[in-house]
Each structure stands twice: as structure tokens, then as C-alpha cells.
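Participant: I would like the atomic coordinates for the input below:
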Amino acid sequence: MNEFYPNRYNRAEVIQSFRWKVGPVLPHDIQEKLHFSEKEYFKNHSAAIKSYISEMDIDLAVVWSFFYFLCFLRDEISLIRLLIPFITGYGSSQGYLHSSSGAGGHW
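Facilitator: As a prediction, this is how the structure comes out:
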């Protein structure tokens, strides 16, 4: 049925993502833009997550700390991968760094 109503499905995904982005209570500026049924959908979705978390005895502080650590680690690894060719002189930037013409050399 989602293929017939792609906008409804996408809006539902966005509304679900609000729970993780802004928490269990929607800011007023977002609430103003939602239909009553979307507000109810968010409220029910948020309550379901809260219930699940309490049943599973999950400490969200630990989960979020680990999540942020993984994001930080991913960014650091990406930065290192980006800089390695410039630091070592090997890789895709080798031709550019060692080109005598200054025009980029070979890739």
C-alpha cells in the first residue's frame, strides 16, 4: 500500500525520526506543522519506544554514548583516510603532490 501513498509513508518515517532527534516531546514549531493524526502517531510511537525501553531495561545514556563514540570514530577514520595520501605521498593524490607542472599531474 505504501507504493500508492509514498508521501504518507515518508512523512511517517520523518515523524518517527523526530523521536530520536528531538526526544519524546515535539517542539512547538514542529507541532504547528503536523496534522492532528500525525501528532497522535508521534505520541503513540514515542510511548511504544518508552515501553519497549523500560521492558528491555536499556540504559539510553550508555547507548547514546556508544553511538556518539561510533560516529566520532567514523569521522576520525574518514579524516585519516582522506589525509593518508597527502601525508605519505601514496595514493590517489600522489600525482598531484609530486607533479612538476603544477597542473595536477597524473592520477
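
Participant: for the helix or strand containing Ser17, which positions count as buried?
Facilitator: Using DSSP states H and E, the element containing Ser17 is helix 6-22. Under the neighbour-count criterion of 16 or more other CB atoms under 10 Å, helix 6-22 has 12, 15, 18-19 buried. In short, each C-beta sits where N, CA and C put it, glycine included.

Participant: what's the domain layout of this structure?
Facilitator: 1-58, 59-107 (automatic domain parsing).

Participant: now render those as JSON lines, adding mean pLDDT.
Facilitator: Formatted as JSON lines, those follow (pLDDT from 0 to 100):
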{"stretch": "domain 1-58", "mean pLDDT": "81"}
{"stretch": "domain 59-107", "mean pLDDT": "67"}
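
Participant: which helix in this structure runs the most residues?
Facilitator: helix 60-88 (DSSP state H).

Participant: show me what it is packed against.
Facilitator: Helix 60-88 sits against helix 94-97, with contacts defined as 3 or more CB pairs under 8 Å, 6 or more residues apart in numbering; DSSP states H and E.

Participant: mind running it again at 7 Å?
Facilitator: Using 3 or more CB pairs under 7 Å, 6 or more residues apart in numbering; DSSP states H and E, no helix or strand is in contact with helix 60-88.

Participant: compute the inter-axis angle for it and helix 6-22.
Facilitator: Interaxial angle, helix 60-88 versus helix 6-22 (axes from the mean of the first three to the mean of the last three CA atoms, to 10 degrees): 90 degrees.

Participant: relative to the whole chain's centre, how far out is helix 60-88?
Facilitator: 14 Å (CA atoms, centre = their mean, to the nearest Å).

Participant: kindly report the same for stretch 45-59.
Facilitator: Put simply, stretch 45-59 sits 21 Å off its chain's centre (CA atoms, centre = their mean).

Participant: would you mark the buried spots in it?
Facilitator: 45-46.

Participant: just the CA trace of it, in PDB.
Facilitator: Written as PDB, here are the backbone C-alpha positions of stretch 45-59 (Å, rounded to 0.1, in the frame of the first residue of the first chain):
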ATOM      1  CA  HIS A  45       5.200   5.800  18.600                       C
ATOM      2  CA  SER A  46       7.000   7.600  21.400                       C
ATOM      3  CA  ALA A  47       5.000   5.700  24.000                       C
ATOM      4  CA  ALA A  48       5.800   2.400  22.300                       C
ATOM      5  CA  ILE A  49       9.500   3.200  22.400                       C
ATOM      6  CA  LYS A  50       9.400   4.200  26.000                       C
ATOM      7  CA  SER A  51       7.500   1.000  26.900                       C
ATOM      8  CA  TYR A  52      10.000  -1.200  24.900                       C
ATOM      9  CA  ILE A  53      13.000   0.500  26.500                       C
ATOM     10  CA  SER A  54      11.600   0.000  30.000                       C
ATOM     11  CA  GLU A  55      10.800  -3.600  29.300                       C
ATOM     12  CA  MET A  56      14.300  -4.300  28.000                       C
ATOM     13  CA  ASP A  57      15.900  -2.400  30.800                       C
ATOM     14  CA  ILE A  58      18.100  -0.400  28.400                       C
ATOM     15  CA  ASP A  59      20.200   2.500  29.700                       C
END
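
Participant: before I go, just wanted to say thanks for your time.
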